[in-house]
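In: Predicted model follows, preceded by the sequence.
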Amino acid sequence: MRRPVRGVTVLELMVAVSIFAVMAAMSMTAYEQLTARADFSSVLANLVTSIRLTRSEAAGRGVATAFIVDTRNNRWWGIEAPSGWNLGAFDPSNPGVVIVSDTFPTGTGKTIFGPGAGYGSALSAPFATVPVISSQNPALPFCSFCNPATGMGAVIFQPNGAASFAGSPPPGTALGQQFTVQSTADGRTVLLAVIARTGIMEVFDR
């Protein structure tokens, strides 16, 4: 005896559609988070490469170079910084001999210089003396050497490998200085510290 064919009720259809919608939303959120992390990693890799290139060019060109950050406009430059160069005279519209320059992408999940509270934790040796809390007024915890009036700072690399800092570095004999970048999509914060004596950079991710 054949069993009668049973159709799908409207209620069952609605339940199935609701489950599908929830799963699709969850998948979309996960995809957006994954994409945001990938985008931030790409921006971070570009930034780190730019700093290292600026440092290596000082030795290759036999002239000091400067890696300049503009924390207000989320951009940076790597330029030649011959004797007499100073950050106060730097003109973004006429930066000089440019080695590299770029701007953080804008839009949802963008990368910024920040966060406003800084990295928030001490660094491990040998970077432990790098200031992670700014003493500037107003404070710029996300950039220990930037000028709070302009939001700009520079790491100056010498051909012999040493580094110095321009902007408003804190007084004293700090081992080096730092700045941080953050993904607004998930709050991921990365600190980039530069040692003064050797110009070596380290990346701290949390």
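Out: Nice, thanks for sending it over. Numbering: from 1, shown residues only.
In: So, low pLDDT: which residues of this structure?
Out: Counting by pLDDT under 70, the ranges of the chain that qualify are 1-8, 10-13, 15-37, 107-108, 134-137, 171-173.
In: In contact with Asn74, which residues?
Out: 103-104, 106, 110-113 (Cβ atoms under 8 Å, 6 or more residues apart in numbering). Quick note: C-beta positions are derived from backbone N, CA and C, even for glycine.
In: again, only this time at 10 Å
Out: 43, 102-106, 110-114, 151, 181 (Cβ atoms under 10 Å, 6 or more residues apart in numbering).
In: Kindly report the same for Ile99.
Out: Contacts of Ile99 (Cβ under 10 Å, 6+ apart): 50, 53-54, 56-58, 60-61, 65-67, 77-80.
In: okay if I get the contacts of Asn74 as JSON lines plus neighbour count and secondary structure?
Out: As requested, the contacts of Asn74 are exported to JSON lines (neighbours: other Cβ atoms under 10 Å; DSSP: H, G, I helix; E, B strand; the rest coil):
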{"residue": "Val43", "neighbour count": "20", "secondary structure": "helix"}
{"residue": "Asp102", "neighbour count": "15", "secondary structure": "strand"}
{"residue": "Thr103", "neighbour count": "12", "secondary structure": "strand"}
{"residue": "Phe104", "neighbour count": "17", "secondary structure": "coil"}
{"residue": "Pro105", "neighbour count": "14", "secondary structure": "coil"}
{"residue": "Thr106", "neighbour count": "9", "secondary structure": "coil"}
{"residue": "Lys110", "neighbour count": "17", "secondary structure": "coil"}
{"residue": "Thr111", "neighbour count": "25", "secondary structure": "strand"}
{"residue": "Ile112", "neighbour count": "16", "secondary structure": "strand"}
{"residue": "Phe113", "neighbour count": "24", "secondary structure": "strand"}
{"residue": "Gly114", "neighbour count": "21", "secondary structure": "coil"}
{"residue": "Gly151", "neighbour count": "18", "secondary structure": "coil"}
{"residue": "Val181", "neighbour count": "24", "secondary structure": "strand"}
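In: Which of these sits closest to Ala89?
Out: Gly151 (16.7 Å; Cβ to Cβ).
In: neighbours around the residue nearest to the closest one when sequence neighbours are not counted, how many?
Out: With sequence-adjacent residues excluded and distances taken as Cβ to Cβ, 6 or more residues apart in numbering, Gly151 is closest to Arg72, at 3.8 Å. Using other Cβ atoms under 10 Å, Arg72 is surrounded by 11 other residues.
In: Could you do Thr180 as well?
Out: If you count neighbours by other Cβ under 10 Å, Thr180 ends up with 25.
In: What of the one 5 residues further on?
Out: The tally of other residues near Ala185 (other Cβ under 10 Å) stands at 17.
In: Surely it touches Pro105?
Out: No: assessed by Cβ atoms under 10 Å, Ala185 is found out of contact with Pro105, at 11.4 Å.
In: Distance check, Leu123 against Gly60.
Out: Applying Cβ to Cβ, to the nearest Å, the value for Leu123 to Gly60 is 29 Å.
In: Next: Leu175.
Out: Taking Cβ to Cβ, one finds Leu175 at 26 Å from Gly60.
In: Just want to know which of those two has more residues nearby.
Out: Remark: of Leu175 and Gly60, Leu175 carries more neighbours, 17 against 12, as counted by other Cβ under 10 Å.
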